[in-house]
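Asks: sequence and computational prediction follow.
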Amino acid sequence: MKILVTGATANIGRMVVDHLVDLGADDIRALSNHPERTAFPPEVEVVEGYLRRLSSLPRAFAGVDRMYLAPAHETVTEVVELARRAGIQHIVDLSGNETSTWQPIAQAVEQSGVGWTHLHAYEFMENTTDWAEQIRATGQVREPYPDSADAPIAMDDIARVAATILLGDGHLGATYRLTGPETFTRAERLRFLAEAIGRELSFVTVSPAELTARLEPKMGEFFARWFVEGLAARVEHPQIATSTVADLTGRATTFADWATANAELFR
């Protein structure tokens, strides 16, 4: 069974490749726009290509049975049609529901006629690195909603789930809602980091407008506003953690473990 991993030099894609190798997959193809950036294990076949460069895909898709589909909104309809023509039988996509900007990916995959499994992931633990600069400089985090609560997931857990599904059976037509194993507030998140780096940190409550203005240069006006509104919504409606990652793979990364492993980023 030949498995193709798209976006294989991106964060999650590369982790999917590594987990497939660890799980004993013996016919892995990695699609990468920049294969020179990462050294793949020798048993991985590397094909240069890009989901947004459709002409590069037919050769990459040839002979593939199952595929991990990285999110690429602009070309997803054309990509899944090429996958169907190539005879790919199962697409495992990273997408989202109606609350997510990634919903069109799930819709396109379902409409393609190819067998599918959706992975709906929400906030990544890695997004916490957005705090790193201000923590290093001031020992503070300035946000408006210390009691906003969610259940962030480690990217590595998403990748391990994807690899498990790609090598397994019984997942066709399934949608898996992926979160971390616990729900906690923004203020509690900061306390986890403080414990990990051995430094006192403080949460400074500021106005929503201040955070929106700080995020706009990086995220754009729409997404900065969307992010801050999401923080506000999760004060009264916290995200509920699921056990899906552990159910599928046997374990899930806690935020405390992630913070300890990444402590140097915040020191």
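Replies: It's in.
Asks: please count neighbours and contacts with C-alpha atoms only from this point.
Replies: OK.
Asks: tell me the span between the first and last residue of stretch 39-53.
Replies: 22 Å (C-alpha to C-alpha, to the nearest Å).
Asks: can you list contacts of it?
Replies: With contact meaning C-alpha atoms under 8 Å, 6 or more residues apart in numbering, stretch 39-53 is reached by 6-7, 26-35, 56-57, 60, 72, 74-76, 79.
Asks: residues touching the residue of the chain most remote from its centre, list them.
Replies: Distance from the C-alpha centroid of the chain peaks at Glu200, with 29.7 Å (C-alpha atoms, centre = their mean). Glu200 makes contacts with Gly139, Ala194, as judged by C-alpha under 8 Å, 6+ apart.
Asks: tell me which element it falls in.
Replies: Assigned by DSSP states H and E, Glu200 belongs to no helix or strand.
Asks: please determine how far it is located from Ala137.
Replies: 13 Å.
Asks: what does Ile28 give?
Replies: The spacing between Ile28 and Ala137, counted by C-alpha to C-alpha, is 43 Å.
Asks: of these two, which one has the most company?
Replies: Ile28 (21 against 10; other C-alpha atoms under 10 Å).
Asks: show me the contacts for that one.
Replies: Lys2, Ile3, Leu4, Val5, Val17, Leu20, Glu43, Val44, Glu45 are the contacts of Ile28 under C-alpha under 8 Å, 6+ apart.
Asks: could you flag which of the contacts of stretch 39-53 are buried?
Replies: 6-7, 28-33, 35, 56-57, 60, 72, 76, 79 (16 or more other C-alpha atoms under 10 Å).
Asks: so which of the residues you listed sits lowest on pLDDT?
Replies: pLDDT is lowest at Pro35 among the buried ones among the contacts of stretch 39-53; the value there is 81.
Asks: what number of residues lie near the closest residue to that one other than its chain neighbours?
Replies: Nearest residue to Pro35, sequence neighbours excluded (C-alpha to C-alpha, 6 or more residues apart in numbering): Glu48, at 6.5 Å. Per other C-alpha under 10 Å, the neighbour tally for Glu48 reads 15.
Asks: now stretch 76-87, how far from the centre of its chain.
Replies: 22 Å (C-alpha atoms, centre = their mean, to the nearest Å).
Asks: ok, now stretch 220-227?
Replies: 19 Å.
Asks: residues contacting it, please?
Replies: Thr212, Ala213, Leu215, Glu216.
Asks: let's go with 7 Å and repeat that
Replies: Stretch 220-227 is contacted by residues Thr212, Leu215, Glu216 when judged by C-alpha atoms under 7 Å, 6 or more residues apart in numbering.
Asks: tell me the secondary structure at the first one.
Replies: It refers to Thr212. Assigned with DSSP: H, G, I helix; E, B strand; the rest coil, Thr212 falls in the helix class.
Asks: report pLDDT for it.
Replies: 94.
Asks: contact partners for it?
Replies: Here Thr212 is in contact with Ala224, Arg225, Val228 (C-alpha under 7 Å, 6+ apart).
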